[in-house]
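Colleague: with the input below, show me the fold.
(one chain, ligands or ions: 2)
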Amino acid sequence: MPIEHASVVLERLVKVFTGGGRDVIAVNDVSLYIEPGELVTLLGPSGCGKTTALRMVAGFEMPTSGKVLIGDRDVTNTPPNSRNTAMVFQSYALFPHMTVRENIGYGLRFRNIAKPDAEQKVEHIMELVGLSGFGDRSPNQLSGGQQQRVALARALVVEPRVLLFDEPLSNLDAKLREQMRGEIRRIQKNLSITAVYVTHDQNEAMSISDRVVVMREGQIEQVGTPEEIYAKPATRFVADFVGKVNFVPVMIGESRGEDTSVELFGRQMTIPRVPYGAGETHLAAVRPEELQIVPADIGFVCGEVAFRTYLGSVVEYDLSLVDGSTLMAVEYNPKARPPLEVGDVAGISFDLGKLHLLR
Ligand SMILES: Nc1ncnc2c1ncn2[C@@H]1O[C@H](COP(=O)(O)OP(=O)(O)OP(=O)(O)O)[C@@H](O)[C@H]1O
Ligand SMILES: [Mg+2]
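Modeller: Ligands and ions are numbered 1, 2, ... in the order given. A predicted model of the protein is given here:
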């Protein structure tokens with residue numbers, strides 16, 4: 001299927017909702033370049049402006065200011081049906097009185113396509129999304145996952161230049177959600193179609209995206225690959241929102257050559273040089289799996305196991321420090337040595353060479 005790749009550009013996009021006596025700035029100066037064929041996810045907590053941003057790309061919402069470009073065309077004032085985008089919703093929005101085949105073919109009716117060609121397109125798409133043989137059923141004879149496939153097929157059949165998803169999997173159970181996100185990714189890659197995907201589920205965002213845009217209160221907090229977002233979160237908000245994390249205060253000392261001396265857990269240590277001034281305190285984001293549990297006498301600090309969760313492939317620990325704070329640690333391959341018990345005291349260390357300080 002020859003879909004033309006298109007970039008999507010958001011240029012200083014703002015959306016203010018007025019009414020009810022109070023203005024809501026839903027999207028606040030968002031700029032973003034999405035490459036042709038890229039899948040970019042807008043990730044963030046409820047109310048941060050994800051849907052509003054997506055609806056401005058689709059044309060369902062007019063920006064208060066700023067521009068939307070698809071390819072090199074400014075579509076800011078173009079109606080939705082002339083933008084060459086297609087949207088997949090959380091509530092599949094299928095027509096209950098039409099068959100699967102009719103639902104999928106619906107968007108082709110208005111496109112001046114010869115009937116045999118349209119039928120062929122519909123069959124092809126049904127095959128692509130795994131619905132072959134379901135064409136004559138009505139939506140109420142389908143499972144949730146199958147209904148979502150119909151919604152996806154209906155969006156794909158019109159060969160949009162940009163595919164938009166608003167929490168498409170949130171009505172499915174966990175297992176099906178994982179399977180469907182894999183399929184969406186596979187189809188999107190096969191077709192090299194540009195996609196903008198909205199979710200508040202960090203696992204979904206991490207697993208499906210080329211890049212993730214973390215949003216907070218209408219603004220972009222960080223843009224990066226899933227690896228960058230997880231390993232090098234720009235802010236405390238991002239670190240906290242994407243996965244579990246420990247925040248460890250680090251007092252900066254003198255920098256000399258390649259090194260900076262710091263105070264960590266009340267001890268003087270040396271880390272690779274950081275661009276911060278002596279006397280400043282910054283937080284280091286340390287993921288639970290980066291903590292190493294070592295004999296009590298060789299750790300940076302000691303912790304007492306306050307809580308232990310055995311999950312088979314991993315064991316999670318909450319370790320209480322003498323200062324009253326808690327560190328979360330995760331150990332993989334628990335068989336490597338007997339797991340710690342609640343009340344045990346262990347040493348805790350981590351790789352100072354990879355310490356990630358938040359700005
Ligand atoms: N039509 C509207 N009129 C007034 N306020 C609105 C309207 N649509 C959205 N908002 C407000 O704009 C903000 C952003 O809403 P939006 O739906 O974009 O959030 P979201 O990130 O998609 O959240 P969720 O994860 O809950 O779907 C919210 O404060 C919301 O209440
Ligand atoms: Mg939303």
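
Colleague: outline the domain layout of the chain.
Modeller: Following the assignment in automatic domain parsing, the chain carries domains at 8-241, 246-354.

Colleague: and the ones you listed, which is most packed in?
Modeller: Here the criterion is mean neighbour count by mean count of other C-beta atoms under 10 Å, and of these the winner is domain 8-241, at a mean of 18. The way it works is simple: take the backbone N, C-alpha and C, and place the C-beta from them, glycine included.

Colleague: pull the distance from it to the chain's centre.
Modeller: The chain centre lies 13 Å from the centre of domain 8-241; the measure is C-alpha atoms, centre = their mean, to the nearest Å.

Colleague: one step back: to ligand 1, which of the domains of the chain lies closest?
Modeller: Taking C-beta to the nearest ligand atom, domain 8-241 is the member of those nearest to ligand 1, at 3.1 Å.

Colleague: can you get me the start-to-end distance on that closest one?
Modeller: 26 Å (C-alpha to C-alpha, to the nearest Å).

Colleague: close to ligand 1, is it?
Modeller: Yes. Domain 8-241 is in contact with ligand 1 by C-beta under 6 Å from any ligand atom, via 17, 24, 26, 44, 46-52, 200.

Colleague: list the contacts for the closest residue to residue 155 other than its chain neighbours?
Modeller: In space, and not counting its chain neighbours, residue 155 is closest to residue 86: 3.8 Å by C-beta to C-beta, 6 or more residues apart in numbering. Under the criterion of C-beta atoms under 8 Å, 6 or more residues apart in numbering, the contact partners of residue 86 comprise 107, 154-156, 158, 160, 162-164.

Colleague: give me phi/psi at residue 86?
Modeller: Backbone torsions of residue 86, given as degrees, to the nearest 10, read phi -140, psi 140.

Colleague: residue 90 now?
Modeller: phi -60, psi -50.

Colleague: what do you get for residue 65?
Modeller: Main-chain torsions, residue 65, degrees, to the nearest 10: phi -150, psi 170.

Colleague: ditto for residue 56
Modeller: The phi/psi pair for residue 56 (degrees, to the nearest 10) reads phi -70, psi -30.

Colleague: quickly note the distance from it to residue 289.
Modeller: Going from residue 56 to residue 289 by C-beta to C-beta, to the nearest Å gives 38 Å.

Colleague: helix or strand next in line after the helix or strand where residue 195 lies, which one?
Modeller: Residue 195 is part of strand 194-199 when elements are defined by DSSP states H and E. Going down the chain from strand 194-199, the next helix or strand is helix 202-208, by DSSP H and E.

Colleague: against which helices or strands is that following helix packed?
Modeller: Using 3 or more C-beta pairs under 8 Å, 6 or more residues apart in numbering; DSSP states H and E as the contact test, the elements touching helix 202-208 are strand 39-43, helix 174-191, strand 194-199, helix 226-231.

Colleague: now do the longest one, average pLDDT.
Modeller: Same thing as helix 174-191. Mean pLDDT, helix 174-191: 89.

Colleague: which strands or helices does it pack on?
Modeller: Packing partners of helix 174-191 (3+ C-beta pairs under 8 Å, 6+ apart): strand 39-43, helix 144-156, helix 202-208.

Colleague: same question, the shortest one
Modeller: Based on contacts counted as 3+ C-beta pairs under 8 Å, 6+ apart, the elements that strand 39-43 packs against are helix 50-58, helix 174-191, strand 194-199, helix 202-208, strand 211-216.

Colleague: which one of these lies closest to residue 315?
Modeller: Residue 315 sits nearest to helix 202-208 of all the helices and strands packed on strand 39-43, at 20.3 Å, using C-beta to C-beta.

Colleague: quick one: contacts of that closest one?
Modeller: 39, 41, 43, 169, 177-178, 181-182, 184-185, 197, 199, 212, 226, 229-230, 241-243.

Colleague: make it 10 Å
Modeller: Contact partners of helix 202-208, identified using C-beta atoms under 10 Å, 6 or more residues apart in numbering, comprise 39-44, 165, 167-170, 174, 177-178, 180-182, 184-185, 188, 195, 197-199, 201, 211-214, 225-227, 229-230, 241-243.

Colleague: for the stretch 251-359 of the chain, just list every one of the strands.
Modeller: For the stretch 251-359 of the chain, the strands defined by DSSP state E, counting those that start in this stretch occupy 259-264, 267-272, 281-286, 292-294, 301-310, 314-320, 326-332, 345-349.

Colleague: neighbouring strands of the last one in the sheet, and parallel or not?
Modeller: Sheet neighbours of strand 345-349, with direction, are listed as strand 292-294 (antiparallel), strand 301-310 (antiparallel) (DSSP bridges).

Colleague: and the ones you listed, which one's lowest on average pLDDT?
Modeller: Out of these, strand 292-294 stands lowest, with a mean of 92 (criterion: mean pLDDT).

Colleague: where does the prediction get shaky in the chain?
Modeller: Applying pLDDT under 70 to the chain flags the ranges 1-4, 334-336.
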